[in-house]
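Novice: next comes the sequence, and after it the predicted model I'd like to discuss.
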Amino acid sequence: AREPPSESPPRCRVMTALDALAELEARAETLVRAYESASDKAQHAAADDARRALTDLAREVGTLNERGALERPGASASERARVLYLRGRLLEAAGVVHDAKSSLEGDAGPHEPGQSHGDTKKDISQKDSAEDLLKRAAKLDPALDGAWLTLAQTLWKKNDLQGARNCYDAVLARRPHKKALCAVSMLCRGLAKSRAEPGSDAQKHFVDESLAFAKAAVRLDVDDGHAWYQVGTATMSLFFARGATDKKTLLAALKAYENAAKGGPTGAGGTDPEKHMRDHPDVHFNRAVICRYVERYGDALLGFREAARLDPALPTLQEVNAVLAALTKLDDGCRGAGATCKPKRVAAMARALREEDDAVLPEKAESAFVTHEGTRYVTKRVSDLNDGVNVGSAVKARAVVDATATDAAGHNGGAEQLGALNLHYVAVDAAGARFAISVYGLEDGAVRMSSTLTLLNPDVRDVDVQWNGRRYAFRLVRVDLPKQILVGGKMPVGRIARPRMASTNL
């Protein structure tokens, strides 16, 4: 009689089970990355395909688990944790974050017409939620970073922000982790928005934390565009949390977004699709919003156009229309178009300014001065100002046109809808030169049209934009702070506006 075949040595069975687990983990990693990348880039068809593949893989893993093919007898705690993490990660990525059995057995994701996943009740019998599986994985192996990070995502989706924060802290307590740092930076901004009053110390604390975590991620990999994106968005949030008055903060956010798009300051990450973000619509949208705030209107329009190309669902049309409406009113006013800019009316305003100067300086000295809060400023004509901030200078003017854009319903500039911060005016100086004024931080009505305006330390920019066959060209003076503008010789009181923000991702 022949001897029965001997069983394979136990070590061979262990290696086979581990190899199978590793192969499933690699497939899951590839699909999750594909899904997250497509979602971030608003590539909806690719995201749907990846999610369907994740759902299929979740069913496959569930079936293998039921058969006992994943969790062998005598497996180590680390190996059992890996199995639990794999199952939980797939359920979370496929969108099954509550009851996996009911979700997967019913309809576990979008189906194409005619597509069938077979008898899911027969294929799958999951009794655990993603959250439960991930908690068990993290408890079995506290050093399994992926379990903590995915559990944080699951809790975040349930609006358990503090629970998610605890998960990220568990990872960061062991070592610096780029993905965890980026995620907790974003989470801190969520806490700033949901758990703190606008302008409060609590909001500022959350935003300061957000920026600190984002900068820590950049220090780990200076060529990672995703880390720079978090720096840009945290810096932009900081600008608004601190009163929306520091232009340098906006410019720092703008630089961070540029680094995000090209993959670091030198562009070293530009050849790695995992590092650069030039094909991410949110980067272009948020960068364009900042360009609009700093009067780089041409760059703003180009940025909104690129964002719309990458994701047509973004509210870029409203933003572009708001920019063009402001440009049109300012350009028309500075060119003298419209009934309110008739030469006689403008000349009378310029003459009134000269008469005011004559009353102060009857002997017509070469230089007039304005003194405010103990500081003396030399009054100049707009044409004599240099590009940039003219420290120690002042310009006296009268508002000719309120050029703040209005929406279709006649409301102010889309300020509530679009996050507009500024008021726009066309003004004239004593020499009769028309120019634009952009005023930040003041409510509509703070600038009285009949009063003399005194602009202190005027920040000058020559706007020159061509768009859809039209050229917009005029000189613009930016007023960042209420204390930089005097209305009738006095600083506006009680007219400070609450900062607003338009961004796709706080």
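Specialist: Yep, that arrived.

Novice: and Cys182, how many neighbours?
Specialist: Using other C-beta atoms under 10 Å, Cys182 is surrounded by 24 other residues. In short, each C-beta sits where N, CA and C put it, glycine included.

Novice: same question for Trp156.
Specialist: Trp156: 19 neighbours (other C-beta under 10 Å).

Novice: help me confirm that it comes into contact with Asn166.
Specialist: No - using C-beta atoms under 8 Å, Trp156 makes no contact with Asn166, being 11.4 Å away.

Novice: anything in contact with each of those two?
Specialist: Residues touching both Trp156 and Asn166 (C-beta atoms under 8 Å, 6 or more residues apart in numbering): there are none.

Novice: per-residue confidence for Ala152?
Specialist: In this model, Ala152 is scored at 97, pLDDT.

Novice: in the stretch 251-400 of the chain, which spans are strands?
Specialist: For the stretch 251-400 of the chain, the strands defined by DSSP state E, counting those that start in this stretch cover 369-372, 375-379, 388-389, 393-402.

Novice: in its sheet, what does the longest one sit against?
Specialist: According to DSSP bridges, strand 393-402 has the following sheet partners: strand 375-379 (parallel), strand 422-429 (antiparallel), strand 452-456 (antiparallel).

Novice: for Arg59, find the nearest of those.
Specialist: Nearest of these to Arg59, taken as C-beta to C-beta: strand 422-429 at 54.0 Å.

Novice: please identify the most buried of the strands of the stretch 251-400 of the chain.
Specialist: Comparing the strands of the stretch 251-400 of the chain by mean neighbour count (mean count of other C-beta atoms under 10 Å), strand 393-402 ranks first with a mean of 22.

Novice: from the chain's centre, how far out does that one sit?
Specialist: Strand 393-402 sits 34 Å away from the centroid of its parent chain (C-alpha atoms, centre = their mean, to the nearest Å).

Novice: show me the helices in the stretch 401-506 of the chain, by range?
Specialist: Along the stretch 401-506 of the chain, counting by DSSP state H, counting those that start in this stretch, helices occupy 415-418.

Novice: same deal with the stretch 251-400 of the chain?
Specialist: Ranges of helices in the stretch 251-400 of the chain, per DSSP H, counting those that start in this stretch, are 281-293, 297-310, 316-335, 343-360.

Novice: what is the third one packed up against?
Specialist: Helices and strands touching helix 316-335, by 3 or more C-beta pairs under 8 Å, 6 or more residues apart in numbering; DSSP states H and E, are helix 281-293, helix 297-310, strand 393-402, helix 415-418, strand 422-429, strand 434-440, strand 459-467, strand 470-479.

Novice: show me what counts as buried in it.
Specialist: Neighbour-count burial for helix 316-335, counted by 16 or more other C-beta atoms under 10 Å, picks out 316, 319-327, 329-334.

Novice: repeat for the second one
Specialist: Within helix 297-310, the residues that count as buried by 16+ other C-beta under 10 Å are 297-304, 306-308, 310.

Novice: now, the most widely separated pair of these?
Specialist: Checking these with C-beta to C-beta, the most distant pair is Tyr297 and Leu310, at 20.7 Å.

Novice: which stretches of the stretch 401-506 of the chain have low pLDDT?
Specialist: 405-421, 493-506 (pLDDT under 70).

Novice: can you flag the weakest of the helices of the stretch 251-400 of the chain by average pLDDT?
Specialist: Among the helices of the stretch 251-400 of the chain, helix 343-360 scores lowest, with a mean of 88.

Novice: which residues sit against that one?
Specialist: So helix 343-360 is in contact with 336, 364, 368, 379, 396-398, 400, 428-432, 434, 452, going by C-beta under 8 Å, 6+ apart.

Novice: if you set the cut-off to 10 Å instead, what comes out?
Specialist: 333, 336, 339-340, 342, 364-365, 368-370, 379, 396-401, 426-434, 449-450, 452-453 (C-beta atoms under 10 Å, 6 or more residues apart in numbering).

Novice: fine by me, thanks again.
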